[in-house]
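K.L.:
give me a model of this one.
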Amino acid sequence: MRDQQRKGQLGDYGPFVDQADWDLATWLMDSGASQTEIDKFLKLDVTRMRTRPSYAGKQELLRKIDALPSGPEWTCHMFVVHSDQLDYNGEKCTEELDIWCRDPVACVNELLANPLFREHLKFAPEKLFTDDSKEDQIIHEMWTAQWWWDLQARSIHCDDKTLPLGATIAPVILASDKTQLSRFSGDKEAWPVYISVGNIAKSVRRQTSKRAMILLGYIPVTKLECLSEATCKDRLPLQFHYCMSYILKPLIEAGKEGVLMACADNLVQRVFPILAAYLADYPEQCLVACHQENSCPICEIAPSDRGEPVLSPSRNPTCTLKALKTCRSSVPSPDIRRLCLRAVDKPFWEDLPHTNIFQCFTPDLLHQLHKGVFKDHLVKWCIQLAGAEEVDRRFQALPDHPCLRYFKKGISTISQWTGCEHKEMERVFASLIYGAVPPHVTAVARAVIDFIYYASFASHSTETLRRLQDALDTFHQNKQVFIDHHIRTHFRIPKIHMMEHYVALIRSKGSADGFNTELSERLHIDCAKEGYRASNKKNYTQQMIKYLTRHEAIDAFKSFLAWTTDHRTDTSTYSDSDSQMSDDISDNESDRPADIAIPLLSSHSTKWKLAKEPPYPHVSLQFLKDKHGAVDIVPALTTYLATKVPGSRVTRSNYDLVDVYAKISRFLLSPQQLTDETQKDSVRATPFQHERKQVIPQHFDTALVHDDLEAEDIGLKVCYKTHTHSSYRVARVRVIFRLPGWFHCDHTLAYIEWFRQIGEPNEPLHMSPVSYATREGRHHAAIVPIHSILRSCHLTPKFSRQRNATWTA
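P.N.:
Just a heads-up that it's a prediction; the model follows:
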């Protein structure tokens with residue numbers, strides 16, 4: 001299309017006249033209106049006479065959309081399932097099924113050639129360290145982990161030369177998950193398969209709008225009614241592996257010989273697409289690995305040892321394949337029973353080169369940790385010990401905070417949970433159950449939550465992986481308490497056992513947040529559910545593909561327009577002379593794995609933001625004493641001005657007027673290893689308010705405040721580098737205000753009530769207790785500039801078994 005535009009054969013907006021014509025087309029396609037409604041709109045007199053689009057009806061509009069370039073072509077392969085039952089004519093029943101799929105090699109080529117990913121692509125592995133000693137390694141992206149490094153090194157050091165020297169590897173990432181299409185009633189399902197590559201940064205892969213993980217195909221979903229119930233159960237795994245074998249067949253030759261691909265860096269490279277990761281929940285992992293759902297898809301641990309810190313050998317593909325070949329013979333191998341294998345004589349991964357399917361499985365934060373270990377097990381066990389009523393009371397009495405969810409009805413009555421709700425519970429759960437359960441249970445809860453948070457890090461170091469393992473060890477050391485209290489009789493739970501593999505999997509493939517199944521759950525909306533709703537619900541798969549193809553073409557053309565706008569004047573980027581062949585063996589440093597020493601990024605944050613205009617101007621100090629509880633604001637302000645504004649000679653009184661703000665907010669950048677995202681932090685200071693018939697509760701948030709008012713350089717860097725809060729104290733912010741100009745104070749100020757110095761963390765909760773600081777029986781109050789406030793913090797009450805029923809948040 002770019003070449004056609006240069007030759008004048010095509011306009012800037014493709015088959016559309018101008019930007020207005022294109023914008024109307026995209027609005028109509030994205031509006032959710034049916035084709036009948038679109039046709040009616042385009043045939044309105046006001047549309048034809050005033051708007052005058054280049055398309056008079058829906059058919060002409062769809063022809064223009066279909067003329068846009070789209071992704072790899074879809075193909076349909078039909079196969080027949082033969083039954084063991086006879087029909088009315090005495091013949092064996094059959095059922096025809098369709099596999100809709102794309103060429104996976106073409107999909108990889110499209111991803112690597114997308115110019116929008118140019119700044120987010122890597123074609124060689126790296127090793128990152130925090131310093132030149134190379135003792136503390138950093139692992140985040142797939143190219144910083146061990147699997148890619150080892151595979152790339154085999155092309156240099158191995159005698160068999162399984163890969164050519166300097167081969168360009170494209171680690172293929174697959175994801176599959178069955179999803180429900182019909183709502184409220186019906187049994188319509190789809191089984192999408194998605195594909196991406198590890199060359200693209202995980203921050204881009206996680207954004208569905210970037211389309212860095214695209215739909216590869218649909219596995220047919222059927223109940224196989226032509227088969228008996230016993231035969232159907234055995235046939236479904238065979239059908240899955242047959243379909244996946246057909247879909248992934250092009251990867252076999254491409255992984256052995258390589259494929260020339262024009263990449264986004266303007267180089268033509270011989271790329272070897274190799275299956276590296278498979279994202280799936282536990283049942284689907286078992287289906288892929290060809291074993292029963294009572295065993296581990298990664299190792300050969302015995303059922304009696306599952307849930308214990310026991311090292312077991314990894315599953316061996318060669319041994320597994322050898323045993324599977326005998327599954328239908330008269331004398332099956334004893335390994336069939338020992339390895340808990342299913343009767344799948346030809347798994348789809350058998351011929352994929354350089355692939356160990358058992359090492360392709362990645363940590364699943366959503367199903368294994370958030371929904372599994374935490375919600376289904378830990379929360380359930382703790383509620384059994386503490387009582388549902390007591391746990392609900394504590395959630396209801398939890399103080400409000402802008403960054404936390406408030407469960408005003410507790411948690412025991414909620415029947416359906418989302419991943420976001422699980423994460424919100426994890427933030428406060430350990431502190432809430434403290435005192436309601438035995439100390440060893442609190443230690444288990446803290447260890448599980450620590451494990452979940454460490455496993456969710458966006459970047460790992462040798463130290464964070466050690467802490468991840470320590471959290472798991474603490475869990476095993478204290479879990480006996482649930483057996484002692486007759487809550488459990490064993491811990492042979494697959495999701496608990498999978499925690500044993502997290503450290504090794506992160507070292508091998510990169511941080512777990514790059515392989516979260518939340519992505520595939522979100523892709524179901526765009527790639528399955530919306531297409532089904534736009535269909536007539538009959539033979540819907542083909543209609544879903546047509547719908548998806550058109551919307552992919554629209555999104556791709558939007559990206560193309562944005563890209564051409566940014567690069568309209570840069571003609572050198574697209575010249576033919578830039579294309580180079582890298583098929584031959586290269587001795588350049590860029591072709592080899594790299595060791596790089598980089599420091600961990602320090603944390604920084606933006607300045608506190610205020611409303612442009614104060615929401616409460618000209619408020620008297622007496623009002624703040626009465627409504628905000630700032631009883632000592634006059635003496636505190638007198639002390640502050642005498643110390644910080646020595647030139648101020650204005651007499652302070654209860655009737656002085658100040659401008660009051662409801663809150664301050666800013667964006668915090670967490671340390672590199674925690675997350676790639678920013679977090680909005682707010683500190684509120686508002687009293688009870690009445691709006692019509694609604695009562696808005698007061699919000700006087702607590703925050704970490706620098707207790708040295710002379711300090712100028714404060715920020716997150718101090719806390720995270722020294723791992724101490726000795727320079728900070730907790731304070732409750734009651735007023736945020738600015739003084740009039742005649743006070744000669746340019747800073748925005750906050751009236752705070754100090755808490756005592758943060759004490760040593762207690763056992764086994766590992767949280768620090770604090771209490772109000774008092775002077776002469778009154779809260780110790782002070783005035784500080786808002787730049788002395790580090791960030792908000794949340795205090796959890798120290799509950800007793802006999803909680804005051806009048807407590808509310």
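K.L.:
contacts for stretch 487-498 next, please.
P.N.:
Here stretch 487-498 makes contact (Cβ atoms under 8 Å, 6 or more residues apart in numbering) with 282, 293-296, 298, 301, 303-304, 306-308, 363-364, 367-369, 372-373, 376-377, 381, 384-385, 479, 482-483. Glycine gets a C-beta too; all of them are placed from N, C-alpha and C.
K.L.:
what subset of those residues is buried?
P.N.:
Applying 16 or more other Cβ atoms under 10 Å to these, the neighbour count classes 282, 295-296, 298, 301, 306-308, 363-364, 367-369, 372-373, 376-377, 381, 385, 479, 482 as buried.
K.L.:
so which of the residues you listed belong to strands?
P.N.:
When DSSP state E is applied, the buried ones among the contacts of stretch 487-498 are split such that none fall in strands.
K.L.:
any low-confidence regions in the stretch 451-600 of the chain?
P.N.:
Within the stretch 451-600 of the chain, the segments meeting pLDDT under 70 span 566-600.
K.L.:
kindly report the same for the chain.
P.N.:
Looking at the chain by pLDDT under 70, you get 1-10, 84-88, 90, 155-161, 224-231, 566-605, 647-651, 670-677, 708-726, 801-809.
K.L.:
in it, which helix is the longest?
P.N.:
helix 540-566 (DSSP state H).
K.L.:
how about that one: buried residues?
P.N.:
Using 16+ other Cβ under 10 Å as the test for burial, helix 540-566 gives 540-541, 543-557, 559-560.
K.L.:
returning to that earlier point: out of the buried ones among the contacts of stretch 487-498, which sit inside helices?
P.N.:
Short answer: these in helices (DSSP H) are Tyr282, Trp381, Leu385, Phe482.
K.L.:
and of these, the nearest to Ile696?
P.N.:
Using Cβ to Cβ, Leu385 comes nearest to Ile696 of these, at 36.6 Å.
K.L.:
report the contact partners of the nearest residue to the closest one once chain neighbours are set aside.
P.N.:
Spatial nearest neighbour of Leu385, chain neighbours left out: Val437 (4.8 Å); criterion: Cβ to Cβ, 6 or more residues apart in numbering. Going by Cβ under 8 Å, 6+ apart, Val437 touches Cys382, Leu385, Ala386, Ala445.
K.L.:
cool, Pro617 as well?
P.N.:
Residues in contact with Pro617 (Cβ under 8 Å, 6+ apart) are Asp659, Val660.
K.L.:
only alpha carbons, please: show the one helix or strand it maps to as CSV.
P.N.:
Assessed by DSSP states H and E, Pro617 sits inside strand 616-620. Extracted in CSV, the C-alpha atoms of strand 616-620 (Å, rounded to 0.1, in the frame of the first residue of the first chain):
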residue,chain,number,x,y,z
TYR,A,616,-13.2,25.8,49.5
PRO,A,617,-11.9,29.4,49.4
HIS,A,618,-11.8,31.8,52.3
VAL,A,619,-12.4,29.3,55.1
SER,A,620,-11.8,30.5,58.7
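K.L.:
in the stretch 251-400 of the chain, which spans are strands?
P.N.:
For the stretch 251-400 of the chain, the strands defined by DSSP state E, counting those that start in this stretch cover 259-262, 267-279.
K.L.:
so for Ala145, which of those sits nearest?
P.N.:
Ala145 lies closest, by Cβ to Cβ, to one member of these: strand 267-279, at 9.8 Å.
K.L.:
list the contacts for Ala276?
P.N.:
By Cβ under 8 Å, 6+ apart, the contact list for Ala276 reads Met142, Trp147, Trp148, Pro171, Val172, Ile173, Gly198, Thr355, Cys360, Lys509.
K.L.:
partners of the helix or strand containing the fifth one in the sheet?
P.N.:
Meaning Val172. Assessed by DSSP H and E, Val172 sits inside strand 168-176. Take DSSP bridges as the rule and strand 168-176 pairs in its sheet with strand 192-197 (antiparallel), strand 267-279 (parallel).
K.L.:
now those as CSV including distance to Ser203?
P.N.:
Output for the strands paired with strand 168-176, formatted as CSV (distance: least, Cβ to Cβ, whole Å):
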stretch, distance to Ser203
strand 192-197, 13
strand 267-279, 16
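K.L.:
still on that earlier bit, cross the contacts of Ala276 against helices and list the overlap.
P.N.:
Among the contacts of Ala276, DSSP H puts Trp147, Trp148, Lys509 in helices.
K.L.:
for Thr318, state which of the residues you listed is nearest.
P.N.:
Using Cβ to Cβ, the ones in helices among the contacts of Ala276 come closest to Thr318 at Trp147, 18.6 Å.
K.L.:
what sits against that closest one?
P.N.:
Here Trp147 is in contact with Pro171, Ala276, Gln359, Ser508, Lys509 (Cβ under 8 Å, 6+ apart).
K.L.:
isn't the last one right up against Phe515?
P.N.:
Yes - between Lys509 and Phe515 there is a contact at 6.9 Å, judged by Cβ atoms under 8 Å.
K.L.:
mutual contacts of the two, please.
P.N.:
Ala277, Thr362.
K.L.:
how about Gly629, nearest residue that isn't a chain neighbour?
P.N.:
Once flanking residues are discounted, Gly629 sits nearest to Arg734: 5.7 Å by Cβ to Cβ, 6+ apart.
K.L.:
can you confirm the one you found is in a strand?
P.N.:
Yes - assigned with DSSP: H, G, I helix; E, B strand; the rest coil, Arg734 falls within a strand.
K.L.:
thought it was touching Asp701?
P.N.:
No - at 9.7 Å, Arg734 does not count as touching Asp701 under the criterion of Cβ under 8 Å.
K.L.:
mutual contacts of the two, please.
P.N.:
In contact with both Arg734 and Asp701: Ala685, using Cβ under 8 Å, 6+ apart.
K.L.:
circling back to that earlier point, turn the strands of the stretch 251-400 of the chain into JSON lines, columns for distance to Gln689.
P.N.:
Below are the strands of the stretch 251-400 of the chain laid out as JSON lines (distance: least, Cβ to Cβ, whole Å):
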{"stretch": "strand 259-262", "distance to Gln689": "62"}
{"stretch": "strand 267-279", "distance to Gln689": "47"}
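K.L.:
what's the closest of the ones you listed to Glu500?
P.N.:
Among the strands of the stretch 251-400 of the chain, strand 267-279 comes nearest to Glu500, with 18.8 Å by Cβ to Cβ.
K.L.:
quick one, what contacts Glu500?
P.N.:
By Cβ under 8 Å, 6+ apart, Glu500 lies in contact with Pro309, Leu472.
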